[in-house]
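Participant: Sequence first, predicted coordinates after that:
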Amino acid sequence: MKILVTGTSGQLARSLSEQAKGQAEIVLVGRPDLDLENLATFAPVLKSVAPDMVINAAAHTGVDQQEDEPERAFRLNAEAPADLARLTRLAGIPLIQVSTDYVFDGSSARPYVETDLPNPQTVYGRSKLAGEDAVRSGNPDHLIVRTAWVVSRHGRNFVKTMLSLAATRDHLKVVADQFGNPTEAHDLADGLLAAATLWRREGGFPKGLYHLAGQGRASWHELASHVLAVSASLGGPSATVEPVGSDQWPAKAARPANSELNSDAFASDFGYRAGQWKDRVRALVVELRAST
Ligand SMILES: NC(=O)c1ccc[n+]([C@@H]2O[C@H](COP(=O)([O-])OP(=O)(O)OC[C@H]3O[C@@H](n4cnc5c(N)ncnc54)[C@H](OP(=O)(O)O)[C@@H]3O)[C@@H](O)[C@H]2O)c1
């Protein structure tokens, strides 16, 4: 099975490439050959790669930046997936679109399930929700997977930011009143590959929309504290981590207070669950320390 993945240096794109060994041939394509802001680049790439499936792992992921450039956010996160859906439908192949916990407003007292009504509060969340709608209506053979708080050794992410801040500071302030599910990009990749394998075996996906995120809930403060405790135990950078409220940490985009996702439907239909966030983050910090 040949899978075209959009993006070349993204956390998920690189993790898919690493995890697929023996299961699928992954072809990563990014700028300038495939540019989400230039729809004319899509058809030639699809023609030359001739994949059995497309995973759209590329996106505009700068949550605060998008508040200042909503048109660009919608071009990348909604118009591009719409055109990928159109072209994959014409080619008779499925499209997997990756979406976000930020489609929810964060007011739920329990983890969100797929039937909960989205109510995005940011440009990022609104543009990704528009991308979901576009894929749903553009290609009936689709899978939309919402994930959350993605971390890995690749790209830029919260774990790497905490480690680099702790290398130069003794004391960090981190938001303690926003909760979600830290997710290792390699776990997300394994889940998408399990879905792709089932699609090949069964000729379709059971349902179109799923949640897939790491097990267990954390606040950003808990995540930072865990990262730096593991790092300290390995002789790496450490710092004290002071819990602060969102009101003390002004950001352009207001994050959901609780965007925890319930991933039970994905586990039941595809037989895959992401790891416990504490275990996966510990392993990641060990890996990052070993590579320094
Ligand atoms: N990161 C998170 O915490 C998080 C949380 C929830 C959902 N998600 C979703 O999960 C998916 C994967 O996220 P990630 O963490 O892997 O993202 P990432 O590390 O920020 O990577 C983004 C990717 O998008 C590509 N990209 C950006 N602009 C592009 C353009 N104009 N044309 C082509 N490619 C472009 C980048 O290309 P280059 O390779 O050229 O840099 C990169 O490969 C995204 O759909 C994201 O919305 C992420």
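Facilitator: Looks like it came in fine.
Participant: Provide the secondary structure category for K278.
Facilitator: Counting by DSSP: H, G, I helix; E, B strand; the rest coil, the backbone at K278 sits in helix.
Participant: My understanding was that it contacts V227; is that so?
Facilitator: No - counting by Cβ atoms under 8 Å, no contact exists between K278 and V227, whose distance comes to 10.4 Å. The way it works is simple: take the backbone N, C-alpha and C, and place the C-beta from them, glycine included.
Participant: For those two, indicate the residue with more neighbours.
Facilitator: When neighbours are counted by other Cβ atoms under 10 Å, K278 and V227 differ, and V227 comes out ahead with 28 against 17.
Participant: pLDDT on the helix or strand where the more buried one lies, on average?
Facilitator: Per DSSP states H and E, V227 falls inside helix 220-233. Helix 220-233 shows an average pLDDT of 98 in the prediction.
Participant: what helices or strands is whatever helix or strand comes next after that helix leaning on?
Facilitator: Along the chain past helix 220-233, the next helix or strand (assigned with DSSP H and E) turns out to be strand 240-244. Secondary-structure packing of strand 240-244 (3 or more Cβ pairs under 8 Å, 6 or more residues apart in numbering; DSSP states H and E): strand 171-175, helix 220-233.
Participant: closest to the ligand out of the ones you listed?
Facilitator: The ligand lies closest, by Cβ to the nearest ligand atom, to one member of the helices and strands packed on strand 240-244: helix 220-233, at 11.6 Å.
Participant: Please state the offset of that closest one from the chain centre?
Facilitator: Going by Cα atoms, centre = their mean, to the nearest Å, the spacing between the C-alpha centre of helix 220-233 and its chain's C-alpha centre is 21 Å.
Participant: Next, the angle strand 171-175 makes with that helix.
Facilitator: 150 degrees (axes from the mean of the first three to the mean of the last three Cα atoms, to 10 degrees).
Participant: Pull helix 220-233 out as PDB, backbone CA atoms only.
Facilitator: Extracted C-alpha coordinates of helix 220-233, given in PDB (Å, rounded to 0.1, in the frame of the first residue of the first chain):
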ATOM      1  CA  TRP A 220       0.400  21.900  30.800                       C
ATOM      2  CA  HIS A 221       1.900  22.400  34.300                       C
ATOM      3  CA  GLU A 222       1.700  18.600  35.000                       C
ATOM      4  CA  LEU A 223       3.300  17.900  31.700                       C
ATOM      5  CA  ALA A 224       6.100  20.400  32.200                       C
ATOM      6  CA  SER A 225       6.700  19.100  35.700                       C
ATOM      7  CA  HIS A 226       7.000  15.500  34.500                       C
ATOM      8  CA  VAL A 227       9.300  16.500  31.600                       C
ATOM      9  CA  LEU A 228      11.700  18.300  33.900                       C
ATOM     10  CA  ALA A 229      11.600  15.600  36.700                       C
ATOM     11  CA  VAL A 230      12.600  13.000  34.200                       C
ATOM     12  CA  SER A 231      15.200  15.300  32.700                       C
ATOM     13  CA  ALA A 232      16.600  16.000  36.200                       C
ATOM     14  CA  SER A 233      16.800  12.300  37.000                       C
END
